[in-house]
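Asker: Build me a model:
(one chain, ligands or ions: 1)
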Amino acid sequence: MPIQAVEKFWMDGQLVDWADAKVHVLTHALHYGSGVFEGVRIYPTDRGPAVFRLHDHVRRLFRSAHVYQMDIPYTQEETADAIRDVVRANGLDSCYVRPLVFRGFGEMGLNPLPVPVSVCIAVWPWGAYLGEEAFEAGVRVKISSWKRNDHNMLPPGAKATGQYINSSLAKVEALNAGYDEAIMLNVAGYIADGSGQNVFVVKDGVLSTPPGSAGCLDGITRDSVIAIARDAGYQVAERNLSRFDLYTADEAFFTGTAAEVVPIREADDRPIGSRERGPVTKEIQATFLAAPRGEVDAYRSWLSLVD
Ligand code: PPE
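Answerer: Model prediction:
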């Protein structure tokens, strides 16, 4: 996705011009992946732009920082306000926000603790992550030969910048082999997640998704979809899924802030169900896409208005 310039980014407490949002090449995080981040979406609503599940994203950002012993020099409330501020400053009513907490400039070497922590909040317009047509047609996935980082390698529940080179290996392998996206197994051989999405399968009307212990991120879209599905009367199980479960599912789909809800139509060249977006996926997707736009009263509490 080519970068699109906006007006302002938020850096260490100030709004700065987009072109001035720069760091030194000796930034610690550039060398050692010592950062944690979030991805948040802003949706248009009839009351102006709204942040989807703002406080859940901020809470996860702080949890990730805690794991890596990074002290964020702002409160969660201040961070949430800063996210709203940067969206307002750019006059956008629909965009993606990328809060990034990273070890900046100060010392080199593997001990990050003496290096100052910087906080930056970037924003950019981001359309359909897996392509507009994927919402209906679905995507083709490849089970990656790369395993998801395990709990005792790089804790997968913490959204650290460095761990994403693991996801990138899988994504590139899948793209080079002619697929749209990768699904990563954990070291035990069960499905963890996509390169940047959680995975759901539907079998006999029951939804299943891997538990956090399988090494997936505790996705906020995943959580929203679980609530939407249960409210619609579906049973949802968090259980280990094998590649067999994926190959023989009636339906499967990805969830993620960037990806939103996207059907999976093929896995390793096996059609999933009828190779078309299935009825359960369609129903959940429609509710999910309506909720952040303020169109579902029951989920209005997930929205924080920018103004
Ligand atoms: N698993 C992984 C590995 C992951 O990176 C994401 C988000 C998810 C699951 C879904 O989590 P959530 O967004 O809370 O529903 N991936 C982010 C980064 C994507 C990128 O390309 O950058 C995202 O979707 O914002």
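Asker: Now do the same contact list for the residue in the chain that the ligand sits nearest to.
Answerer: The minimum distance from the chain to the ligand, using C-beta to the nearest ligand atom, falls at Gly39 (2.2 Å). In this view, the C-beta of every residue, glycine as well, is placed from N, C-alpha and C. By C-beta atoms under 8 Å, 6 or more residues apart in numbering, the residues touching Gly39 are His57, Tyr96, Val97, Arg98, Gly256, Thr257, Ala258.
Asker: By neighbours, which of those wins?
Answerer: Of all those, Val97 has the most neighbours under the rule other C-beta atoms under 10 Å, reaching 27 neighbours.
Asker: Near the residue nearest to it when sequence neighbours are not counted, how many other residues are there?
Answerer: Once flanking residues are discounted, Val97 sits nearest to Val40: 4.3 Å by C-beta to C-beta, 6 or more residues apart in numbering. For Val40, the neighbour count with other C-beta under 10 Å is 26.
Asker: Over to Glu136?
Answerer: Using other C-beta under 10 Å, Glu136 has 12 neighbouring residues.
Asker: from the chain's centre, how far out does the helix or strand harbouring it sit?
Answerer: Here Glu136 sits within helix 134-137, counting by DSSP states H and E. Relative to its parent chain, helix 134-137 has a centroid offset of 19 Å by C-alpha atoms, centre = their mean, to the nearest Å.
Asker: which strands and helices sit next to that helix?
Answerer: Other helices and strands packing on helix 134-137, by 3 or more C-beta pairs under 8 Å, 6 or more residues apart in numbering; DSSP states H and E, are strand 260-267.
Asker: Swap in 10 Å and give it another go.
Answerer: Under the contact criterion of 3 or more C-beta pairs under 10 Å, 6 or more residues apart in numbering; DSSP states H and E, helix 134-137 touches strand 260-267, helix 279-290.
Asker: The helix or strand that it is followed by - which strands sit beside it in the sheet, and in what orientation?
Answerer: For helix 134-137, the following helix or strand on the C-terminal side (DSSP H and E) is strand 139-143. Applying DSSP bridges, strand 139-143 is found paired with strand 181-185 (parallel), strand 260-267 (parallel).
Asker: quick check: mean pLDDT across stretch 81-89?
Answerer: Mean pLDDT, computed over stretch 81-89, is 98.
Asker: Any idea how far it is from the middle of the chain?
Answerer: Its chain's C-alpha centre and that of stretch 81-89 lie 20 Å apart, by C-alpha atoms, centre = their mean.
Asker: Flag every buried residue along the strand or helix carrying Ile83.
Answerer: Secondary structure from DSSP H and E places Ile83 in helix 76-90. For helix 76-90, a neighbour-count test (16 or more other C-beta atoms under 10 Å) marks Thr79, Ala80, Ala82, Ile83, Arg84, Asp85, Val86, Val87, Asn90 as buried.
Asker: Next: stretch 124-131.
Answerer: Buried residues in stretch 124-131 (16+ other C-beta under 10 Å): Trp124, Trp126, Tyr129, Leu130.
Asker: Give me the domain ranges for this structure.
Answerer: For the chain, the structural domains run 8-124, 134-293, going by automatic domain parsing.
Asker: Around the ligand, pick out the residues from the protein.
Answerer: 39, 167, 193, 196-198, 216-217, 219-222, 255-259 (C-beta under 6 Å from any ligand atom).
Asker: Out of these, list just those in strands.
Answerer: Among those, the members falling in strands (DSSP state E) are Asp193, Asn198, Thr255, Gly256.
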